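Engineer: Model the structure of this input:
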Amino acid sequence: MTELESGPVAQEIVQRLRAALSPERLAVIDDSAKHRGHAGHDARGESHFTVQIEAAAFAGQSRVQRHRLINQALAPLLAERVHALAIEARAPGE
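Structural biologist: Here you go, the predicted model:
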């Protein structure tokens, strides 16, 4: 399992996704630096992320259903701290 988290928000993303989805592979990439000066940028950093995740929970699920599972797991962070989340969600073997 690959995890590129660094700060506390990224670490919480990893913890929440592990608990909710038991991923086989997971990478959390902080894209915040790419968004300096744009809407939603937070001077504290850790406001924009890409999540690359592979989990058995996604088998037979549509793209929308997969995103909903992730959004549900991360709901408190998305409401309070994370401005943007790019999601790449796959089931094993895809």
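Engineer: quick one: average confidence on the helix or strand hosting Q15?
Structural biologist: Using DSSP states H and E, Q15 sits within helix 8-21. Across helix 8-21, pLDDT averages out at 95.
Engineer: buried stuff in it?
Structural biologist: Under the neighbour-count criterion of 16 or more other C-beta atoms under 10 Å, helix 8-21 has 9-10, 12-14, 16-18, 21 buried. C-beta here means a position set from N, CA and C on the backbone, and glycine is covered the same way.
Engineer: I'd like those residues as CSV, with distance to I53 appended.
Structural biologist: Shown next, in CSV, are the buried residues of helix 8-21 (distance: C-beta to C-beta, whole Å):
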residue, distance to I53
V9, 16
A10, 13
E12, 15
I13, 10
V14, 10
R16, 11
L17, 6
R18, 10
L21, 7
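Engineer: which residues does the residue most central in space within the chain contact?
Structural biologist: Nearest to the geometric centre of the chain sits V51, at 3.8 Å (C-alpha atoms, centre = their mean). Contacts here follow C-beta atoms under 8 Å, 6 or more residues apart in numbering; on that basis V51 touches 13, 17, 26-29, 70, 85-89.
Engineer: Drop anything exposed from those.
Structural biologist: 13, 17, 26-29, 70, 85, 87, 89.
Engineer: just the strands in this structure please.
Structural biologist: Counting by DSSP state E, the chain has strands at residues 25-30, 48-54, 84-90.
Engineer: Starting from the second one, tell me which strands it pairs with and how they run.
Structural biologist: When pairs are called by DSSP bridges, strand 48-54 turns out to pair with strand 25-30 (antiparallel), strand 84-90 (parallel).
Engineer: ok so, going back, and of the buried ones among the contacts of V51, the nearest to R63?
Structural biologist: A89 (7.4 Å; C-beta to C-beta).
Engineer: What spatial separation is found between the closest one and F58?
Structural biologist: Note on A89: its distance to F58, by C-beta to C-beta, to the nearest Å, is 6 Å.
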